[in-house]
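S.K.: below are the sequence and a predicted model for it; my questions follow.
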Amino acid sequence: MQFLKILFWFLLAFVAALFTYGNWTGVQINLWSGLIADVNLPLLLLVTFLLGFLPTYLYLGTVRWRLRQRLAACERLLVDQRAAPAMPAPVAAEPVVPADPTLDGRPA
């Protein structure tokens, strides 16, 4: 499986290198106040990809971290619950029936 991962990343890097070699042209970007930036196309595409990818990656990393923290807290609670001595079950007593107030303790 590790071989397939390495092969995949190698092929992806090869395709990126071919794209970079074939599209190494300058692109003019009009900025504020009449400034013009001359940027190579592969660099521009890399920067735009990272602008979209990094915030999502950071957000998902934060969500995973929070879920791991919650899971660890639940696991600690479960271990504590299992380690606590078991309380004996309450003995079931006969139900107490309230006395009839009309009898006043005298037989009828």
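M.R.: Okay, I see it. Numbering: from 1, shown residues only.
S.K.: which residue ranges form the strands in this protein?
M.R.: Residue ranges of the strands in the chain, as given by DSSP state E, are 26-30, 36-40.
S.K.: got TSV for those, with distance to Leu67 too?
M.R.: Yep, even glycine has a C-beta here, placed from its N, CA and C like the rest. TSV is the format used below for these (distance: least, C-beta to C-beta, whole Å):
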stretch	distance to Leu67
strand 26-30	40
strand 36-40	39
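S.K.: need these in CSV (columns: mean neighbour count and distance to Phe8).
M.R.: Output for the strands of the chain, formatted as CSV (neighbours: other C-beta atoms under 10 Å; distance: least, C-beta to C-beta, whole Å):
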stretch, mean neighbour count, distance to Phe8
strand 26-30, 10, 29
strand 36-40, 11, 26
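S.K.: in this protein, which residue is closest to the centre?
M.R.: Nearest to the geometric centre of the chain sits Arg64, at 2.5 Å (C-alpha atoms, centre = their mean).
S.K.: circling back to that earlier point, adding distance to Leu7 and mean pLDDT, write the strands of the chain out as a markdown table.
M.R.: Listed next are these as a markdown table, based on distance: least, C-beta to C-beta, whole Å; pLDDT from 0 to 100:
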| stretch | distance to Leu7 | mean pLDDT |
| --- | --- | --- |
| strand 26-30 | 32 | 91 |
| strand 36-40 | 28 | 91 |
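S.K.: please name whichever of the ones you listed is nearest to Phe3.
M.R.: Checking those against Phe3 by C-beta to C-beta gives strand 36-40 as the closest, at 33.6 Å.
S.K.: so Trp24 makes contact with Leu41?
M.R.: Yes: Trp24 is in contact with Leu41 according to C-beta atoms under 8 Å; the separation is 7.2 Å.
S.K.: can you pick out the residue with more neighbours from the two?
M.R.: Leu41 (15 against 11; other C-beta atoms under 10 Å).
S.K.: what's near enough to touch Pro42?
M.R.: Residues counted as contacts of Pro42 (C-beta atoms under 8 Å, 6 or more residues apart in numbering) are 19-20, 23-24.
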